[in-house]
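Participant: Quick check, what structure comes out for this input:
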Amino acid sequence: MPEPERGPTPLTRQVAARIAGYIRETGAAPGDRLAERTLAAQLRVSRSPVRAALRLLADDGLVAAAEQGGYTVAGPGSRHTIPDESEAEKRYLRIASDRLDGELPDRVSENELVRRYGLTPAQLAHVLRRIAGEGWIERLPGYGWEFQPMLTSPQSYADSYRFRLTIEPAAVLEPGFVLDRPALEAVRAQQLELAEGGAGTVGNAELFARNRAFHEAVVACGRNPFFIDALRRVDTLRRLIEYRRALPRDRAAVRAREHVAIADLLLAGRNADAAEHLRRHLSTVSVEKQAGG
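Facilitator: Model prediction:
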């Protein structure tokens, strides 16, 4: 059964956000070329997710396809400008918090959101694109937006971890398992960066995105579309509650080292050991997060 066509992966969206930040921080001018190799080295990922992220940014009008191939920073006539990611993150997290607290109804209009959060139409469009891409809001036919169901209770959160304990180690042991080495090396590099100090500098949303990308990359190697589809669905459902239950950064670094160890076992072809490490990791992190919540 072929896997249904999907939008960008969490890793692609995360790399796209980091490229946008790189463009802003380096002061790159419209027309400046964006070299895949340079970006991959700067962001410590392989060129494959960089290529996918550049395509996503081109679709959003933030970069432009160059005549000679590749991409450049978009010019003044582009549809959008690179947003201030720190302010955009604050707007995003405020909406996420209000939704988790039940302060926002299931259906909202853009005018209501503009008034409630004091946003410009462009700022609202940016945050709605992100939320829609993450799957927790959808545009209604004709008018308005509808928030999608999310996990909010401690019981549903605990249930999600028991479900993951069932499917994730099993995916590693699937008979059709095929190691996607570039994808696994890319998420391993991200986890190594967290373990070596990066966990103390990233926000809760990015920490969740990196960890989600790691687990989904592992399960995707199982080549069972039911497993990966189920994990992606539960990851979308648990997103907002995870922001509240993010680990202290010293513990997040420990968990990142566990991710690196799991990746190393898979890269060495030791799938049975990797599955056992993954099972222990999920069991203990579940208890740790529920105790802290």
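
Participant: For the protein, which residues score under the pLDDT cut-off?
Facilitator: 1-8, 10, 25, 75-86, 292-293 (pLDDT under 70).

Participant: Please enumerate the helices of it.
Facilitator: 10-26, 36-43, 47-59, 85-100, 110-117, 121-134, 154-172, 181-195, 204-220, 225-244, 249-267, 271-292 (DSSP state H).

Participant: Burial-wise, tell me which of the ones you listed comes out on top.
Facilitator: Counting by mean count of other CB atoms under 10 Å, helix 204-220 has the highest mean neighbour count of the helices of the chain, with a mean of 22. Backbone N, C-alpha and C define where each C-beta goes, glycine included.

Participant: picking that back up, Serialize the helices of the chain to TSV and add fields for distance to Pro141.
Facilitator: Formatted as TSV, the helices of the chain follow (distance: least, CB to CB, whole Å):
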stretch	distance to Pro141
helix 10-26	25
helix 36-43	38
helix 47-59	22
helix 85-100	21
helix 110-117	15
helix 121-134	14
helix 154-172	29
helix 181-195	36
helix 204-220	29
helix 225-244	21
helix 249-267	41
helix 271-292	38
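
Participant: For Tyr143, which of those helices is the nearest?
Facilitator: Proximity to Tyr143 (CB to CB) singles out helix 110-117 among those, at 8.9 Å.

Participant: Show me what the closest one packs onto, helices and strands only.
Facilitator: helix 85-100, helix 121-134 (3 or more CB pairs under 8 Å, 6 or more residues apart in numbering; DSSP states H and E).

Participant: Output these in CSV, with distance to Leu39 appended to each entry.
Facilitator: CSV is the format used below for those (distance: least, CB to CB, whole Å):
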stretch, distance to Leu39
helix 85-100, 16
helix 121-134, 20
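
Participant: between the ones you listed, which one is nearest to Ala158?
Facilitator: helix 85-100 (16.7 Å).

Participant: elements contacting the closest one?
Facilitator: Helix 85-100 packs on helix 10-26, helix 110-117, helix 121-134, helix 204-220, helix 225-244, going by 3+ CB pairs under 8 Å, 6+ apart.

Participant: and the first one, C-alpha only, in CSV?
Facilitator: C-alpha atoms of helix 10-26 as CSV (Å, rounded to 0.1, in the frame of the first residue of the first chain):
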residue,chain,number,x,y,z
PRO,A,10,8.6,18.5,10.3
LEU,A,11,12.3,18.3,9.5
THR,A,12,11.7,20.2,6.2
ARG,A,13,9.7,22.9,8.0
GLN,A,14,12.3,23.2,10.8
VAL,A,15,15.2,23.5,8.3
ALA,A,16,13.2,26.1,6.3
ALA,A,17,12.8,28.2,9.5
ARG,A,18,16.5,28.0,10.2
ILE,A,19,17.3,29.0,6.7
ALA,A,20,15.0,32.0,7.1
GLY,A,21,16.8,32.9,10.3
TYR,A,22,20.2,32.5,8.6
ILE,A,23,19.2,34.9,5.8
ARG,A,24,18.1,37.5,8.3
GLU,A,25,21.1,37.1,10.7
THR,A,26,23.7,37.3,7.9
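
Participant: could you dump the helices and strands packed on helix 85-100 to a markdown table with distance to Ala66?
Facilitator: Formatted as a markdown table, the helices and strands packed on helix 85-100 follow (distance: least, CB to CB, whole Å):
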| stretch | distance to Ala66 |
| --- | --- |
| helix 10-26 | 15 |
| helix 110-117 | 34 |
| helix 121-134 | 24 |
| helix 204-220 | 28 |
| helix 225-244 | 33 |
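
Participant: who does Arg139 bridge with?
Facilitator: Trp145 (DSSP bridges).

Participant: Next, the contact list for it, please.
Facilitator: Contact partners of Arg139, counting by CB atoms under 8 Å, 6 or more residues apart in numbering, are Ala132, Trp145, Glu146.

Participant: Out of those, which comes closest to Arg94?
Facilitator: Nearest member of the contacts of Arg139 to Arg94, counting by CB to CB, is Trp145, at 16.1 Å.
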